[in-house]
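>>> what shape does this take:
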Amino acid sequence: MKLFDPPLQNELYQQICKDISVFYFLQKNAISGFFLYDLKNDFWLDPKLLESLGYDFKNHKIKDNSREYIFKDDLKGLERNIEDVSEFDSILRFKDSAGNTIQMKSHFKLAAGKDENSLILIGALNEVIRSPRKDLNPDQQLKRYARIIEGTNIGLWEWNIQNGETILHKQWANVLGYTLEELQPISADTWKKLSHPEDHLKCDELLNKHIEGRSDFYECECRMKHKNGEWIWVEDKGKVVTWTSDGKPEWMTGFHEDITEMKERLIIKKTFIENAPSAIAMFDTNMNYIKASDKWLKDYNIKDHKIKGKNHYELFPEIEDEWKKIHQRCLNGEIIKKEEDLFLREDGTKTWLNWEVRPWLNANNQIGGLIMNTTDISHTMKLEKIAEEKQHFLETILRNIDVGVISCDKEGNLTLFNKATKDWHGLPATDIPPSEFADYYGLFKADGVTPFTTSEIPLIKALNEGSVENEIMVIKPKNAPDKIVSITGSQLKNDAGKVSGAVIAMHDITQQKKAEDGLRNIIAKMQAILGASSKTIVIGTDTNGLITFLNKGSEKLLGYSKEELLYKGNPGMFHIEEELVELHKELLAKTNKSLQGFDLFKELVRQGQSTRNWTLKKKDGTKFPVQLTITSIKEGDEIVGYLGVGADISDLKKTEKELQSVLKVSQNQNERLKNFAHIVSHNLRSHSGNNSMLFELFLEENPEAKGDEMMIHLQTASKNLKETIDHLGEVVMINTSLDESFIKLNLSEYINMAIKNIEALAKSSDVVIESQLPTDIEILGVPAYLDSIILNFLTNGIKYSSPK
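Just a heads-up that it's a prediction; the model follows:
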């Protein structure tokens, strides 16, 4: 165990640089010094503590065993305490230079060591609680106090102001490395010879101030020449203790002590303050600057970096009284701080600060001034605001998205259960153990029948195994419809990389699953239909024409088995060469491209000529006609294959041939009928013309017969016969011309004309025919057909008229 271990000092310095609270801890508590204990037998005593125990730090030989200074049992007790807390109080027993036991009240802080798993215990000693021994008589007590004073490395002096007589005790000389004999002769000039010339004026001013009664004590920090040639710092203190009879100061007594270590520590403090990443300033009790960090100078726009000795209130006259009150409270011993404080700058910008004001203590455990520390946290506050907005945004999303989101802590306890999840389950999140999740929330596997075990629940599985992906779960709640969900999730880890919980997202795929089931049914039916169709060819290919699918009908019609064609053959093997050559010529003329093989069919699809009649060749060489439609198969906009669907049209071709034969016979019969109609029409027209001529000759010879009713009817009948013969010719022309068009016909006129034609027939049958049809009705038709229809209708009416 080492009592002076520079590496431990270095670790302490690193701790102070990383964590300013360590600096404040020592500043507040290490009144009588401190020690470091790294729990691995390394032990370091601060010089101040050694001096408090009566040892001369510079001349004292460090003992190898800590038990010479501190009781081992007390150290063991410290090790037990650190198992529970990082800061605590305790009373330790030390041995002073005279071998006496001194109890000291101590405050402890635990800090990280240089290694990941090492710890350093910082012990700050602030109060001696052992009372003077009552078993000693006054003389012994006086000797004991003398030993203690001697052991504290304080050098006493006495000086007669009136005659200059000077008395220096041996410890005064020892502080400077001398014996008292080496400094003989002793006088007031002895001090001046050994003190630094630059400090003479300051010390004389302070001394005169006290002698004149303007200060209660004489106090001065100055440099003195050590015997080894180095300048050391001493603190010189004294007081006038006697006066002459006329009231003049006579004897002064005082002491000086080596404060070099304290000064060096102060330099470290100043260096730390100067280089601290935050804004720190150190002031004396009058608010004069001792030191300020570069960050302080920058943040408060102090241009002159030689700030030492300048008054804070003079630099910033606009400081509010509220801040001055805070400074005074801290100079009285308070520590005041605020985590978040908003400051408005002169330009209107807002600055958020974290600040602390605390007193610092000098070597006499008195408040020596203030340390102010401010940190601009505007960026942090901005980030916190952004984080708060993001949190609000995230919460809004979680409340409104139709995705179930659940999270848990590392024990499996639910920490998030968003609105969609509550709606799906029909239940809120409840504080129940994971072992009851499946039963309480109705959690089942994809079959909807088998409940999850605790370890199979996706949230718990993600927590234990790291992640889940596309896991299917059926939710069968008691108060809501069943849901089928797809789940993805993973572990949550903290900044240290340790698992802190898990989160899963549940997507409702109930409708998708129903659609998939429906699609599977449709596919099954289609496959059944395609398989049952023996007259239909269905062949699928990739983009290069390799067959990837064919139905049973293809096997039957082409004579190949599926094993012979699947991923082996291509459609070109079924087509006859002559038709492919003809198609090649056709496409060459259209596209000016010489296409071969499957590219011929792909080009047909591109041009929209996907349906054609082809002659296909079976495996045995026989041929049969098909009507084939080729279409592209796409995924998005990309063609991934082709599908050919063909129907065997052998029966259709046979029927077509038979129809052509029947049509040819019908055409011959129509031609003969047309010739017959021409002959009949010609002959009837000749006979009708003869009849008309005979009537005219008869009436010329017998003019008196013109008014005879019978003759009138005969003339009308002859005229109608002529019209009928003309209509017969028209009918023949209509039957031989498909381009004949209908014409407008007045229906009333044709009815009246027909009534006149059969007037004699009606009269003989004692039938009266009346037409009540409006005279303006017109229809589209053929005159001969309309005349025939009306005559047929009227004669049938006469024929089947009732006798009554």
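
>>> average pLDDT for the helix or strand harbouring D73?
With secondary structure defined by DSSP states H and E, D73 is part of helix 72-81. Helix 72-81 carries an average pLDDT of 73.

>>> list the buried residues in the following helix or strand past it.
Note on helix 72-81: by DSSP H and E, the next helix or strand toward the C-terminus is strand 87-95. In terms of neighbour count (16 or more other C-beta atoms under 10 Å), strand 87-95 has its buried residues at 92, 94-95. (Each C-beta comes from the backbone N, C-alpha and C, glycine too.)

>>> then stretch 766-780?
Neighbour-count burial for stretch 766-780, counted by 16+ other C-beta under 10 Å, picks out I769.

>>> what's the end-to-end length of that stretch?
33 Å (C-alpha to C-alpha, to the nearest Å).

>>> which other helices and strands contact the helix holding D73?
Packing contacts for helix 72-81, counted by 3 or more C-beta pairs under 8 Å, 6 or more residues apart in numbering; DSSP states H and E, involve strand 87-95.

>>> where does the stretch 101-250 of the chain dip in pLDDT?
Filtered on pLDDT under 70, the stretch 101-250 of the chain yields the residue ranges 113-118, 127-153.

>>> try 50 this time
131-134, 136, 141-142, 144-145, 148, 151 (pLDDT under 50).

>>> for it, just list every one of the helices.
Listed in chain order, the helices of the stretch 101-250 of the chain (DSSP state H, counting those that start in this stretch) span 138-151, 170-175, 188-194, 197-211.

>>> and this structure, what are its domains?
Domain assignment for the chain by automatic domain parsing gives 6-128, 153-259, 276-381, 399-514, 533-648, 662-799.

>>> in a markdown table: those, plus distance to N521.
Listed next are the domains of the chain as a markdown table, based on distance: least, C-beta to C-beta, whole Å:
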| stretch | distance to N521 |
| --- | --- |
| domain 6-128 | 63 |
| domain 153-259 | 97 |
| domain 276-381 | 60 |
| domain 399-514 | 11 |
| domain 533-648 | 18 |
| domain 662-799 | 46 |
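
>>> out of those domains, nearest to T655?
T655 sits nearest to domain 662-799 of all those, at 10.4 Å, using C-beta to C-beta.

>>> which parts of the helix holding D73 are buried?
By 16+ other C-beta under 10 Å, the buried positions in helix 72-81 come out as 75, 78.

>>> ok, and what's touching it?
When contacts are defined by C-beta atoms under 8 Å, 6 or more residues apart in numbering, helix 72-81 is touched by residues 37, 39, 66, 88, 90, 92-93, 108, 121, 123.

>>> could you single out the nearest of the buried residues of strand 87-95 to K385?
After measuring these against K385 - C-beta to C-beta - the closest member comes out as L92, at 48.1 Å.

>>> for the closest one, give its distance to F71.
To F71, L92 is 7 Å away according to C-beta to C-beta, to the nearest Å.

>>> W159 too?
W159 sits 43 Å away from F71, taking C-beta to C-beta as the criterion.

>>> over to E388?
Taking C-beta to C-beta as the measure, E388 falls 54 Å from F71.

>>> returning to what we had before: kindly reformat the buried residues of strand 87-95 as CSV containing pLDDT and distance to T716.
Below are the buried residues of strand 87-95 laid out as CSV (pLDDT from 0 to 100; distance: C-beta to C-beta, whole Å):
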residue, pLDDT, distance to T716
L92, 83, 156
F94, 82, 161
K95, 80, 166
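
>>> before we move on, back to that, neighbour-wise, which of W159 and F71 wins?
Legend: neighbour count by other C-beta atoms under 10 Å for W159 and F71, higher for W159 (21 against 15).

>>> quick one: low-confidence parts of the stretch 351-500 of the chain?
Ranges of the stretch 351-500 of the chain meeting pLDDT under 50: none found.

>>> can you give me the helices in it?
378-400, 419-425, 437-441, 458-465.
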